[in-house]
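J.: My questions are about this predicted structure, shown below with the sequence.
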Amino acid sequence: MIERLWRSLKYECVFLNAFETGSEARERSGRWIDYSNADRPHSTHGILTPNEAYVTKPEPKKMAT
């Protein structure tokens with residue numbers, strides 16, 4: 001899953017922009033990651049954003065001791 005994130009970041013952000021400085025690359029990459037987590041639906045999460053999937057995840061069940 002993390003490999004897919006890095007691939008998407010590279011192809012949708014890094015390769016499409018000619019960053020002048022490292023700080024610009026960091027800022028634009030951060031904005032893309034924020035977009036990916038908050039606004040972009042993911043099929044892995046049943047068409048929810050990662051933020052929505054995190055908020056709605058069920059509590060783990062406790063095992064009997």
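T.: Structure's in. What do you need? Numbers count the residues shown, from 1 in each chain.

J.: Residue 27 belongs to a helix?
T.: Yes - assessed with DSSP: H, G, I helix; E, B strand; the rest coil, residue 27 lies in a helix.

J.: Could you pull up the residues touching it?
T.: Applying Cβ atoms under 8 Å, 6 or more residues apart in numbering to residue 27 gives no contacts. Every residue, glycine included, has its C-beta placed from N, CA and C.

J.: now the strands for the protein?
T.: Ranges of strands in the chain, per DSSP state E: none exist.

J.: Name the spans of it whose pLDDT lies under the cut-off.
T.: Applying pLDDT under 70 to the chain flags residues 1, 65.

J.: Can you show me the helices along it?
T.: For the chain, applying DSSP state H gives helices covering 2-9, 22-38, 50-55.

J.: With distance to residue 15 added, can I get those helices in JSON lines?
T.: Listed next are the helices of the chain as JSON lines, based on distance: least, Cβ to Cβ, whole Å:
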{"stretch": "helix 2-9", "distance to residue 15": "10"}
{"stretch": "helix 22-38", "distance to residue 15": "12"}
{"stretch": "helix 50-55", "distance to residue 15": "22"}
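
J.: Tell me how far the residue nearest to residue 52 when sequence neighbours are not counted lies from residue 31.
T.: Closest residue to residue 52 apart from its sequence neighbours, by Cβ to Cβ, 6 or more residues apart in numbering: residue 45 at 7.3 Å. When distance is defined by Cβ to Cβ, to the nearest Å, residue 45 is 21 Å away from residue 31.

J.: Then residue 38?
T.: Per Cβ to Cβ, residue 38 is found 11 Å from residue 31.

J.: Then residue 53?
T.: Distance of residue 53 to residue 31, computed by Cβ to Cβ: 21 Å.

J.: More neighbours: these two, which one.
T.: A side-by-side neighbour count of residue 53 and residue 31, using other Cβ atoms under 10 Å, places residue 53 first with 16 against 11.

J.: what's near enough to touch that one?
T.: For residue 53, the contact set (Cβ under 8 Å, 6+ apart) comprises 42, 45-46.

J.: Right, I'll leave it there.
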